[in-house]
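Peer 1: Coordinates only, no sequence provided:
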């Protein structure tokens, strides 16, 4: 068992709550921070997060609080599990409370609007933590399946291998197998871009297209993710692994995927605003697609699938027109 025994998870949505359960099942003492006091109280009373993870009993090692100072007190691992576009605001509030040597672990899969920074860069900028303290977790991690203890694997990425191994030991359970990787850039990009590609897969699925279309989008989506990664100094092999292809396949294929489901509704003719009104879960790809495209353009990288998603989500271009545009692109070698 790792010497790490105390962890704080900031964000009590479905994935934050699930990962808090994983840490507790792995032997950590976990405090889960919920923004709403009534949710923290309900978790303590019922041992269940009825809002985001109904039907899943949470371990006794896990407690919930609405007080961030209480959650963070003495934590050796601080897990950040808020929507990516709200990270900077939340973290600015929490930064003075962070224990000095804690590992700061991002569960978020997005790129910040405006700055085009990855989540680890935002964490470093706001907290002043060195790169050796900032890690990210990425992989085919659909929250509900992991909460049900279905076997899954993931990647803990940090430029400092020892820190990655520390987190790995803290979240290794019989049903959850973490691997380590020092390619933080590649792991974060894989997690961010796959949400955008999943929106595209959902859109075409909602339009009635089948497995050939989805397989084509997954493959070309992986190609454009790898191109962007190469331009930013990532290891190409990362994109063939769990944080690349693994996460991409799960998110593009599963009905549990928020981004794919959001895309399906767009493909059936709903507007972005209409879909947002009907769901409480955040589809990260809707907001991240624009900064991902901005990042690609800044580095001269061609990302046609991402560009198509931006046009649908932010420029009001009809979905059918986008499919025609992609299919009519100039023929060239793979």
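Peer 2: Received the coordinates, thanks. Quantities reported herein were computed from a predicted structural model and do not represent experimental measurements. Numbering: from 1, shown residues only.
Peer 1: C-alpha only now, for contacts and for neighbours.
Peer 2: Noted.
Peer 1: which residues of the stretch 51-200 of the chain fall in strands?
Peer 2: Residue ranges of the strands in the stretch 51-200 of the chain, as given by DSSP state E, counting those that start in this stretch, are 62-65, 77-80, 103-106, 134-138, 152-157, 176-181.
Peer 1: list the contacts for the closest residue to residue 118 other than its chain neighbours?
Peer 2: Excluding the flanking residues, the one nearest residue 118 by CA to CA, 6 or more residues apart in numbering is residue 111, at 4.9 Å. By CA atoms under 8 Å, 6 or more residues apart in numbering, the contact set of residue 111 is 84, 85, 117, 118, 119, 192, 288, 291, 292.
Peer 1: do that again at 10 Å, thanks
Peer 2: Listed by CA atoms under 10 Å, 6 or more residues apart in numbering, the contact set of residue 111 reads 84-85, 117-122, 188-189, 191-193, 284-285, 287-293, 295.
Peer 1: And stretch 29-40, how far out from the chain middle?
Peer 2: 20 Å (CA atoms, centre = their mean, to the nearest Å).
Peer 1: hang on, the earlier thing: looking at the strands of the stretch 51-200 of the chain, which is closest to residue 329?
Peer 2: The minimum distance between residue 329 and the strands of the stretch 51-200 of the chain falls on strand 134-138, with 32.1 Å, by CA to CA.
Peer 1: Sheet-wise, list the partners of the closest one with their directions.
Peer 2: strand 103-106 (parallel), strand 152-157 (antiparallel) (DSSP bridges).
Peer 1: Can you check which of the ones you listed gets nearest to residue 203?
Peer 2: strand 152-157 (26.6 Å).
Peer 1: Could you give the average pLDDT over the closest one?
Peer 2: For strand 152-157, mean pLDDT rounds to 98.
Peer 1: what's the angle between it and strand 176-181?
Peer 2: With axes from the mean of the first three to the mean of the last three CA atoms, to 10 degrees defining the directions, strand 152-157 sits at 30 degrees from strand 176-181.
Peer 1: Could you check how far strand 152-157 is from the centre of its chain?
Peer 2: 12 Å.
Peer 1: what's the answer for stretch 14-29, then?
Peer 2: 16 Å.
Peer 1: What is the burial count for the nearest residue to residue 180 once chain neighbours are set aside?
Peer 2: Excluding the flanking residues, the one nearest residue 180 by CA to CA, 6+ apart is residue 156, at 4.8 Å. A total of 29 residues lie near residue 156 under the criterion other CA atoms under 10 Å.
Peer 1: ok, residue 156 touching residue 136?
Peer 2: Yes. Residue 156 is within contact range of residue 136, at 5.8 Å (criterion: CA atoms under 10 Å).
Peer 1: can you list residues touching both of those two?
Peer 2: Joint contacts of residue 156 and residue 136 (CA under 10 Å, 6+ apart) are 105, 106, 107, 164, 167, 181, 183, 184, 187.
Peer 1: pLDDT-wise, which helix or strand of the protein ranks last?
Peer 2: Across the helices and strands of the chain, mean pLDDT, DSSP states H and E gives its lowest value to helix 319-327, namely a mean of 86.
Peer 1: Give the buried residues for that one.
Peer 2: Of the residues in helix 319-327, 319, 322 count as buried by neighbour count, 16 or more other CA atoms under 10 Å.
Peer 1: what helices or strands is that helix leaning on?
Peer 2: helix 184-206, helix 258-267, helix 304-314 (3 or more CA pairs under 10 Å, 6 or more residues apart in numbering; DSSP states H and E).
Peer 1: quick one: pLDDT of residue 126?
Peer 2: 98.
Peer 1: no, scratch that, I was asking about residue 334
Peer 2: 87.
Peer 1: got the contact list for residue 262?
Peer 2: 198-200, 202-203, 206, 270, 272, 275-276, 278-279, 281-283, 285-286.
Peer 1: Mind checking which of these are buried?
Peer 2: For the contacts of residue 262, buried by 16+ other CA under 10 Å: 198, 199, 200, 202, 203, 206, 272, 275, 282, 283, 285, 286.
Peer 1: and which of those residues is nearest residue 18?
Peer 2: Nearest to residue 18 among the buried ones among the contacts of residue 262, with distances taken as CA to CA, is residue 282, at 15.9 Å.
Peer 1: can I assume the closest one is in contact with residue 260?
Peer 2: No. Residue 282 lies out of contact with residue 260 (CA under 10 Å); the separation is 11.8 Å.
Peer 1: Could you find the closest non-adjacent residue to the most centrally placed residue in the chain?
Peer 2: For the chain, residue 109 is the residue whose C-alpha lies nearest the centre (CA atoms, centre = their mean; 3.0 Å). Closest residue in space to residue 109, ignoring its immediate chain neighbours: residue 192 at 4.6 Å, by CA to CA, 6+ apart.
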